[in-house]
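> Structure of the sequence below:
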Amino acid sequence: MKAIIEFIVKQLVDKPGNVRVEENAPDKNTIEVVVEVDKKDIGKVIGKKGRNINAIRTLVTAIGAKGHHRVTLQVVE
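Okay, the predicted model is just below:
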């Protein structure tokens, strides 16, 4: 899942070298994914009215549901 998110986000931003994705599993049914991007690229990841980030969250939720996991995605600078 980490690789897919990293690939998608790197395609959206101007500085793909500054993209970092961390995946944490606080318990066996939950996965937390934190995406760190450059301050100037946050708007591109979020998109107009949140469309880009919602699309990414939909993909991540579908992938997680396949393995019976609850997935949360967070974007930080």
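
> counting contacts, what elements does the lengthiest helix in the chain pack onto?
The residue-count maximum for a helix in the chain (DSSP state H) belongs to helix 51-66. The contact analysis (3 or more CB pairs under 8 Å, 6 or more residues apart in numbering; DSSP states H and E) places helix 51-66 against helix 2-12, helix 42-46, strand 70-76. All C-beta atoms are positioned from the backbone trio N, CA, C, and that covers glycine.

> Residues in contact with that helix: which ones?
If you take CB atoms under 8 Å, 6 or more residues apart in numbering as the criterion, helix 51-66 is touched by 1, 4-5, 8-9, 12, 31, 33, 44-47, 70-71, 73, 75.

> what do you get for stretch 1-10?
16, 19, 21, 23, 31, 33, 35, 37, 45, 56, 59-60, 63-64, 71, 73.

> buried sites along it?
The neighbour-count check on stretch 1-10 (16 or more other CB atoms under 10 Å) flags 1, 5-6, 8-9 as buried.

> okay, those residues in JSON lines with distance to Asn52 next?
As requested, the buried residues of stretch 1-10 are exported to JSON lines (distance: CB to CB, whole Å):
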{"residue": "Met1", "distance to Asn52": "17"}
{"residue": "Ile5", "distance to Asn52": "12"}
{"residue": "Glu6", "distance to Asn52": "15"}
{"residue": "Ile8", "distance to Asn52": "9"}
{"residue": "Val9", "distance to Asn52": "9"}
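
> related to what we said a few turns ago, to Asp27, which of the helices and strands packed on helix 51-66 lies closest?
With distances scored as CB to CB, the stretch of the helices and strands packed on helix 51-66 nearest to Asp27 is strand 70-76 (9.4 Å).
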